[in-house]
Structure formats: structure tokens, C-alpha cells
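**Q** pasted the sequence and its predicted model underneath.
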There are 2 protein chains.
Amino acid sequence: MVTSKQGADAARASAGPRKGRPEPRDREATRERILAAVGRVLARDGFSGLGVNSVAREAGVDKVLIYRYFGGIEGLLDAWGEGAVFGSAGRRRAAADAPSSPADRAAAALAAYARDLRAHPEALEVMRWELFEENVLTRRLAERREAAGLAGLRSLGVPRARAAAVDLPAAAALLSAGLLHVALRARTAPDWLGVPIRTEAGWARLERAAAALARALLEGPGAPRRPEVTP
Amino acid sequence: MVTSKQGADAARASAGPRKGRPEPRDREATRERILAAVGRVLARDGFSGLGVNSVAREAGVDKVLIYRYFGGIEGLLDAWGEGAVFGSAGRRRAAADAPSSPADRAAAALAAYARDLRAHPEALEVMRWELFEENVLTRRLAERREAAGLAGLRSLGVPRARAAAVDLPAAAALLSAGLLHVALRARTAPDWLGVPIRTEAGWARLERAAAALARALLEGPGAPRRPEVTP
DNA sequence: TTGACCTGTCACTCGACGGTGACATAACGT
DNA sequence: ACGTTATGTCACCGTCGAGTGACAGGTCAA
């Protein structure tokens, strides 16, 4: 050894004492630490700050382990995506299944979606990511979301004729995209068209507006205004 | 000179013969070339590909000139933002001013907005940028857009009482955000909730859906349902 | 003509990143 | 007790982007 400038590498852990105890060698535990670090980096720095170096640093682990255990960033993200990232589809589904009119179910589903968005910053980051790059993770999650969204749409139970007349998928696409976009935008701006998007009050307005739009569309002129007993 | 590896720099122009004629020295022309390059790089590679090096390369110019003439990337973007980036606010305004019902004007404005989005890729890129970073350019354009959007909203001429009842700003925020988001998403995905977002047909559906949502909200129960004379 | 200034070129530093080879040592089966 | 393997550490490499100092060749006024 040439006792060189002990420069180490940029990926060396910068936090936490790792020289003291050698940390018991446990592949599984290390894997978990790395996976957990992905979520933290993502939520804190966004996808642009995500890389072999930063994750290794965050996990307090040498970056070579990422290559060994996951084969690189690709595999790491793939493994991370396995875990339930967007776990609350169940809640949305439940909201959509509540016994009421299709319009009510749509309104409830939109509100639940809005709340989910704000409750899952890492998932939000992945969706931001989807907006300008494709990779293993974004592809996988986007597929999942498309499927879940379409299923939710069907479970609204809007009568076929009416759904076709109003182009339900297009309207749902717009409203969901709108909520998502505003949630994303909150990271870099406090308002959108004058509506505060970082406060509970602002989001209450947005949820109400989404619900009102959905209701107006589904209960609009020509709608079967009879009290519906839907399955 | 040590006749080193002729490595030159990464910013050296890679296209176009610049060794032949020395290109007449003209500060203004060079400035323009740089500014034009910004738009091209932005539209082609997105904001992530935007940098001193890439712009200089694209312009066929040495990067040091960017520092000399603009003081760096910040100043360059600032100067670029001076130029009319989103020039068609006039069209939207015109659509909104057309003599018809507020609902019709809203529908027309949304459709015009959707068309503008797809017609201005560099502007779209800047909006993508706004979603995950703040800088001179994004701040400036976001302010402009907020102002224009609010003005457009007022020019719809929705009766005060009704506007308050339906929370017009929130609804408009959702719909405009939805259109924008779908336009952004088109760069990385072909569909959104099953709706094709890269085809004219898909966009026609989205425009109709946006219009229908706006109409349903503004003409909904309680709306002045008198037969309107629409062109 | 000459000197000051301006435009443009070039070579270089610095830092961060992705990626790899070589090594030390703990854990484990024999 | 021993050798093998797996786990983790460290020092590198090449690349790329931001930023800078030095310089060559025009341009123009005195």
C-alpha cells in the first residue's frame, strides 16, 4: 500500500460510526438497509438525487454491495418496486365500493386518491420520475397504476350508455391527472391558479372541486336521477 | 505547447465546419445563435440535457462565450425567457372572449389550452422543469402563467354567485393541471387511464371531456338553463 | 502605425458520478 | 484446525459537466 491520500471514495458513509464495531455480517440485513435507503433518498432528494453513490452513502454501506446484491441501480429499483409502494389501492377500492350512487363513489374515489397522493411522498416521487424518464421502476409502477385505475373506473358502476356518452375514461383521466399534477407541483410552488396547494384548506377545495366536477358530469342533464340501488 | 493529446474540450462544436472560414466576428449574431440553441436543446433533450456544454455545442460556439455574454446558465435562461415563449395567450383570450355563454367560453378556452400545450414543446419542457426545480426561468414563466390563467378565468364572465358556489378557481386548476399533466406524460407514455395521449383522436377525446366537465359544472343544477344562442 | 480592446479558441482544473479489481476478514462446512 | 466462500473495504479508472486563465487574431481610434 502506498499510504496514499486516504481519499476513500465519494460513496463512503458520511454518517454513523462504522469503524467501531464491524457490524455483524448479514447479507439480508444489509440488503434491507439498502432498500430502505432508496425510499429515504427518493423522498428527500427526489429521483434526480438517486444513484449508486447516494444510496450507498445513505445506507452506510459500500456501493459495491449494490452491484453485488442487485446488479446495479436497475436491479435495485426493480427490487424496491417489489415492495408495496402504493399500498392504499385497497382504500380507494373500498371507497368506490361503498353503497351509494356512481357519482358518489366517483367523488369518494377522487378524494381518496388525492389523500393517497399526499400521504406517499416516495410514490409521488416515482410518478414525477415517470414524467421524464422510463426505467424498470417507472414502467412497472405505471402499469400497476393503469390497471388499478381502470379497475376502479369499472367498479364505479356507471351505466354503460352513460359512460359512453360522457367518455368516462377521458374525464377520469383528466381529473386524476389534475390531482396528481397539483400534488407534484406542490413541491416547487405554493399555488396553482391562485389555489394554495400546500395547505389542508387548499386541498379540501381541490377535493371538493374534483367531486363536484365528477358529480356534475355523472348527474348532469340526461342522468338517471332516480335514487339508485347499486350492487 | 506540449502538443498534448489534442483532447480539446467537451464543449467543442461537433457539427458544422468551423475551421474553414473564421466566421465573421459579430457579438450580436453569436448571442442570437446561443439563444436559439437553448430552445432547440430544450425541445430535443428536455431540461435535463440543458447545460453550458450542450448549449455551446449546439450553437457551435465556445462555452466561455456563454459566461461572457450571459454570465452563465442563469443569465442565459433569463435572457431566453425574455423572448415570447408562450405566445398564444392571445388565442386563448380570444376564445374566452367569443360571444357565448360562460360555459361555452370555458370549454373553448380549455380546448385552446390543450392545443397550445401540444404546439409548444419548449414551453412544455419548461413546465416539466417547473415540476422539479426552481430557477430564474421557471419562476418567471410560472408567474406569467398564473397571471394569464387568472385573467382568463375572470374573462369567462361566470356570475359571481355561481363562481363562488362551485369554487371556480379550484375546478379550473384541476382541469388545466389535468390537461398539462397528460401533455407532459405523453413524452414518456402512450396512454393515460387507457386513453391514447399521443394521437389526435385521443386528444380530441380529452378536449371534449374537459369541455363536458366544464359545461356540466357551469350549467349544472341551478344554472341558468335558458336556451343559449351558440355559434 | 501602433496600441488598446474585443471576439473567439484552447487547455486546463475540480468535483461528482458509475463502475471495477484487489484485498482483508468473518463465517462455515469438513 | 483448515481451507473455502461470502461479506465488506478500499483504491482506483474513465467520463462528464461547470468553470477559468491564457492566448491568438481581428478591429478601431488616436
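**A** Here it is on my side, so go on.
**Q** from DNA strand D, how far off is the spatially most central residue of chain A?
**A** Nearest residue to the geometric centre of chain A (Cα atoms, centre = their mean): A:Ala123, 2.4 Å. Separation of A:Ala123 from DNA strand D (Cβ to the nearest atom of the strand, to the nearest Å): 28 Å. Where C-beta positions appear, they are placed from N, C-alpha and C, glycine not excepted.
**Q** show me the contacts for A:Ala173.
**A** A:Ala173 makes contact with B:178, B:182, B:192-195, B:206, B:209, according to Cβ atoms under 8 Å, 6 or more residues apart in numbering or on different chains.
**Q** selecting buried members of those residues in PyMOL, what would you type?
**A** Burial among the contacts of A:Ala173 is assessed by 16 or more other Cβ atoms under 10 Å in any protein chain shown; the matching PyMOL selection reads:
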select buried, chain B and resi 178+182+192+193+195+206+209
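**Q** greatest separation within the contacts of A:Ala173: which pair is it?
**A** Spatially, the most separated pair among the contacts of A:Ala173 is B:Gly178 and B:Gly194, at 15.1 Å (Cβ to Cβ).
**Q** could you look up the SS state of the residue nearest to the centre of chain A?
**A** helix (DSSP: H, G, I helix; E, B strand; the rest coil).
**Q** residue of chain A nearest DNA strand C, please.
**A** Ranking the residues of chain A by distance to DNA strand C (Cβ to the nearest atom of the strand) places A:Gly51 first, at 2.2 Å.
**Q** ok, that residue - contacts?
**A** So A:Gly51 contacts A:Ile73 (Cβ under 8 Å, 6+ apart).
**Q** and A:Glu207, by the same measure?
**A** A:Glu207 makes contact with A:110-111, A:114-115, according to Cβ under 8 Å, 6+ apart.
**Q** with A:Leu174 instead?
**A** B:174-175, B:178-179, B:182, B:206, B:209-210, B:213.
**Q** in what helix or strand does it lie?
**A** Assessed by DSSP states H and E, A:Leu174 sits inside helix A:168-185.
**Q** then that helix to CSV, C-alphas only?
**A** The C-alpha trace of helix A:168-185 is given here as CSV (Å, rounded to 0.1, in the frame of the first residue of the first chain):
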residue,chain,number,x,y,z
LEU,A,168,-65.8,8.3,-18.7
PRO,A,169,-62.2,7.2,-19.2
ALA,A,170,-61.2,10.6,-20.6
ALA,A,171,-62.9,12.5,-17.9
ALA,A,172,-61.4,10.3,-15.2
ALA,A,173,-58.0,10.7,-16.9
LEU,A,174,-58.3,14.4,-16.7
LEU,A,175,-59.4,14.6,-13.1
SER,A,176,-56.8,12.1,-11.8
ALA,A,177,-54.1,13.7,-13.8
GLY,A,178,-55.2,17.1,-12.5
LEU,A,179,-54.9,15.9,-8.9
LEU,A,180,-51.6,14.2,-9.5
HIS,A,181,-50.2,17.2,-11.2
VAL,A,182,-51.1,19.6,-8.5
ALA,A,183,-49.7,17.2,-5.9
LEU,A,184,-46.5,17.2,-7.8
ARG,A,185,-46.4,20.9,-8.3
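**Q** pLDDT on it, on average?
**A** Helix A:168-185 shows a mean pLDDT of 98.
**Q** what are the contacting residues of the next helix or strand after that helix?
**A** Using DSSP H and E, the helix or strand that follows helix A:168-185 towards the C-terminus is strand A:191-192. Contact with strand A:191-192 is made by A:182, A:185, A:197, B:146, B:173, B:177, as judged by Cβ under 8 Å, 6+ apart.
**Q** mind putting those residues into JSON lines with distance to B:Val158?
**A** Output for those, formatted as JSON lines (distance: Cβ to Cβ, whole Å):
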{"residue": "A:Val182", "distance to B:Val158": "21"}
{"residue": "A:Arg185", "distance to B:Val158": "24"}
{"residue": "A:Ile197", "distance to B:Val158": "22"}
{"residue": "B:Glu146", "distance to B:Val158": "19"}
{"residue": "B:Ala173", "distance to B:Val158": "15"}
{"residue": "B:Ala177", "distance to B:Val158": "19"}
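**Q** can you pick out the most distant pair from those?
**A** A:Val182 and B:Glu146 (13.3 Å).
**Q** A:Trp129 is in contact with A:Phe47, correct?
**A** Yes. Under the criterion of Cβ atoms under 8 Å, A:Phe47 makes contact with A:Trp129 at 4.0 Å.
**Q** all helices of chain A, in order?
**A** Ranges of helices within chain A are A:27-45, A:52-59, A:63-70, A:73-82, A:89-97, A:102-119, A:121-130, A:136-154, A:160-166, A:168-185, A:200-218, based on DSSP state H.
**Q** elements contacting the third one?
**A** When contacts are defined as 3 or more Cβ pairs under 8 Å, 6 or more residues apart in numbering or on different chains; DSSP states H and E, helix A:63-70 sits against helix A:27-45, helix A:52-59, helix A:73-82.
**Q** now it: buried residues?
**A** Across helix A:63-70, burial judged by 16+ other Cβ under 10 Å covers A:63, A:65-66, A:69-70.
**Q** which of those are close to DNA strand D?
**A** When contact is defined as Cβ under 7 Å from any atom of the strand, the buried residues of helix A:63-70 meet DNA strand D at A:Leu65.
**Q** I'd like the buried residues of helix A:63-70 laid out as JSON lines, including distance to B:Gly157.
**A** Converted to JSON lines, the buried residues of helix A:63-70 look like this (distance: Cβ to Cβ, whole Å):
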{"residue": "A:Lys63", "distance to B:Gly157": "60"}
{"residue": "A:Leu65", "distance to B:Gly157": "63"}
{"residue": "A:Ile66", "distance to B:Gly157": "59"}
{"residue": "A:Tyr69", "distance to B:Gly157": "62"}
{"residue": "A:Phe70", "distance to B:Gly157": "58"}
